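1. please work out how this folds:
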Amino acid sequence: MIAEVGHFSLMLGFALALVQAVVPLYGAWRGRAALMAVGRSAARGQLLFVLLSYACLHLLFIANDFSVRLVADNSHSRTPLIYRITAVWGNHEGSMLLWIVSLSLWTAAVTRWRGGLPAAFMARVLGVLGAVSAGFTAFTLLTSNPFTRLLPAAREGRDLNPLLQDPGMIIHPPLLYLGYVGFSIAFAFAIAALLTGRFDAAWARWSRPWTVAAWVLLTAGIAVGSSWAYYELGWGGWWFWDPVENASFMPWLLGTALIHSLAVTEKRGAFRGWTVLLAIGTFSLSLLGTFLVRSGVVTSVHAFATDPARGLFILCLLVAVVGISLLLYAWRAPRLQGGGSFQLVSRDAALLANNALLSVACAAVLLGTLYPLLLDALGLGKISVGPPYFDTTFVPLMTPVLVLLVPGAVARWKGDTWQRLARRLGPAVLASAVSGPALGYGLGHFTWRTCLGLSLAAWIALGSVQLLGERVRGGGLAVRLRGIPAGWWGMWLAHLGLGVFIVGVTMVNSFESNLDVRMLPGQTAHLAGYTFTFGGVQQVAGPNWVAARATLDVARDGRHVATLRPETRRYVAQAMPMTQSAIDVGPFRDLYTALGEALPDGSWIVNVFHKPFISWIWAGCGLMILGGLAAAGDRRYRKPAGGRDAVPQARAAQGGRP
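-> Predicted structure coming up:
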């Protein structure tokens, strides 16, 4: 009865989601405290039943209950336990249940750490979250029930897709879903603000740490997914502009803009309408990503469903969310006017320009992702939009974003002067402008992309060092460092991480090299100063696969560097071959090897890559994640909003500095 208990628990969760969606909103409308309080109890009860349903699904996979269709389609008696557990979210139905669990966790967290939210505002936030949860739970129950029985039961399962039998599967989907769904909190705060007509600094302050937390999780999910693709697919690539990759990248771009816009709204009372639109847009793009993965309109290793009915349901939900949100926005538009004024040369202007450019870059990615799908749907032919389009459009849009990043952190609020900025940033401008071309020329790759990337990275690094130096100047160093708030450290680390990321991208794109060779045991290959000696291939077996494992000894200048063992696996249940790369990771380069096919003469195809600085890509992401964690954990956000800790809207509108 485990499947039936799980199914019934999910139905109870749906009933509580409906209660959460209706009762607190009605109570806030009527001003009845008892009804508003129902939202908290309903949210926590919903979490309890959804978690119970999720636990039941895990038990079914662990027990290999092949009388449940989902288990029979995605597990096997020889699948290792850890991958039977992760198989729960390695399919459409289970991943939708994870989506609902993630939303329930976020909602319960809001009820626990409410930060002094007024009862009426809190009721509206919970009501919006309840409506979203009810929509997705209804979708799961009606079209994607994970507890459907298979009668008669299958003797054996089909096994989990071999691509998903990887440690990345343990980490990547939960992080990505928590990030995706976390933007629902910012969306709920924005809708609650539209319903109440309250757009002061307090609502931005309430929303900001939740938005940063969602951004951190989404960043971590994207970074882990990129690393997973890098070592799993055997191509040595870390980003492919795949439509489903874009589906997570687009809300990241708008989420980044939203974080900066919330900062301006909190501190200056400006950008209120822009902030609300970004909150709506970011969550809408999260829903769009859900639609793309589950509608069958894209073909990808990341995509789950091919049932048009499912895609139509999510599309209707997306249209409802966007339509109702924009109608509310139009209704409250007059109240969103005004806010603090600022000059062209100011921190406000730099942040506004960056947000606009991030939004346009997101629109460019959206166009490249959806345009081929639209043409195909209209019967106008099939086209492929790949990396050349995205590189050509995205890089020019992001370049000014990176250029404005440093003055945006240095300039004063409201207004500044060109002369002051030139005095402060002139040396960094000159040094970065010279260092990029000099490094490109010295490294033997004097192209505009290399010079531009290295100059931008130097600009961000030098600006960050200068900003920190000015912050700690005067007084004792330890005292000054302790006095810097966590939010400032978050900004500084995230910006520095972006510079490190750019170094990694520029260097690997400019200087990577590869070699595909036929090798017999004892033969050698040479690449980037390294010697690779092929030691032959042996057959090995795993719990549900067999593999050909090669041995490659790597040396440089006669000194042993590493022994690499790439594999070609064949999974028993699906008879599907898989490449398992072997990588020697270093701080300044990766040596990446993959084993190809066997040839009739006994030789093997071996793929060897030298990838300079590629680990800096994920190191930069790690710094951005640390920065986000520092910003989200700033103790100022744990104080109740309002009173001395809030920035009064009237003062901000008059230009008072926070």
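
2. quick check: which ranges of the stretch 551-658 of the chain have low pLDDT?
-> 637-658 (pLDDT under 70).

3. now the helices for it?
-> With helices called from DSSP state H, counting those that start in this stretch, the stretch 551-658 of the chain shows them at 615-632, 649-653.

4. out of those helices, indicate the one that is most buried.
-> Highest mean neighbour count among the helices of the stretch 551-658 of the chain (mean count of other C-beta atoms under 10 Å): helix 615-632, with a mean of 21. C-beta coordinates here come from the backbone N, C-alpha and C atoms, glycine included.

5. which residues does that helix contact?
-> Residues from elsewhere that reach helix 615-632 (C-beta atoms under 8 Å, 6 or more residues apart in numbering): 209, 212-213, 215-216, 219-220, 222-223, 226-227, 238, 486-487, 489-505, 507-508, 585-587, 590.

6. buried ones in stretch 394-414?
-> Within stretch 394-414, the residues that count as buried by 16 or more other C-beta atoms under 10 Å are 394, 397-398, 401-414.

7. right, and the helices of the stretch 551-658 of the chain - which one's nearest Leu12?
-> helix 615-632 (32.2 Å; C-beta to C-beta).

8. show me the contacts for the most centrally placed residue in the chain.
-> Centroid-nearest residue in the chain, with C-alpha atoms, centre = their mean: Leu218, separated by 2.7 Å. Contacts for Leu218 (C-beta under 8 Å, 6+ apart) come out as 175-176, 179-180, 182-183, 248, 251-252, 255.

9. ditto for Ser384
-> Ser384 touches Pro372, counting by C-beta under 8 Å, 6+ apart.

10. that older thread, select only the buried ones of the contacts of Leu218 in PyMOL?
-> With 16+ other C-beta under 10 Å as the criterion, this PyMOL line picks the buried residues out of the contacts of Leu218:
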select buried, resi 175+176+179+180+182+183+248+251+252+255
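
11. restricted to strands, list the contacts of Leu218.
-> Per DSSP state E, strands hold no members of the contacts of Leu218.

12. same list (the contacts of Leu218) but as CSV, adding distance to Lys267 and pLDDT.
-> Formatted as CSV, those follow (distance: C-beta to C-beta, whole Å; pLDDT from 0 to 100):
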residue, distance to Lys267, pLDDT
Leu175, 30, 95
Leu176, 31, 93
Gly179, 25, 94
Tyr180, 28, 90
Gly182, 23, 95
Phe183, 22, 95
Ser248, 29, 92
Pro251, 24, 96
Trp252, 23, 96
Gly255, 19, 96
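
13. would you map the helices across the stretch 201-350 of the chain?
-> 201-232, 243-268, 272-295, 308-332, 347-377.

14. surely Ala486 and Gly633 touch.
-> Yes. In this structure Ala486 lies within contact range of Gly633 using C-beta atoms under 8 Å: 5.8 Å.

15. and the residue nearest to the centre of the chain, how far is that from Pro577?
-> Counting by C-beta to C-beta, to the nearest Å, the gap between Leu218 and Pro577 amounts to 32 Å.

16. tell me the pLDDT at the closest residue to Tyr177 other than its chain neighbours?
-> Excluding its sequence neighbours, the residue lying closest to Tyr177 (C-beta to C-beta, 6 or more residues apart in numbering) is Ser102, at 4.7 Å. With respect to pLDDT, Ser102 has a value of 96.

17. all set, thanks.
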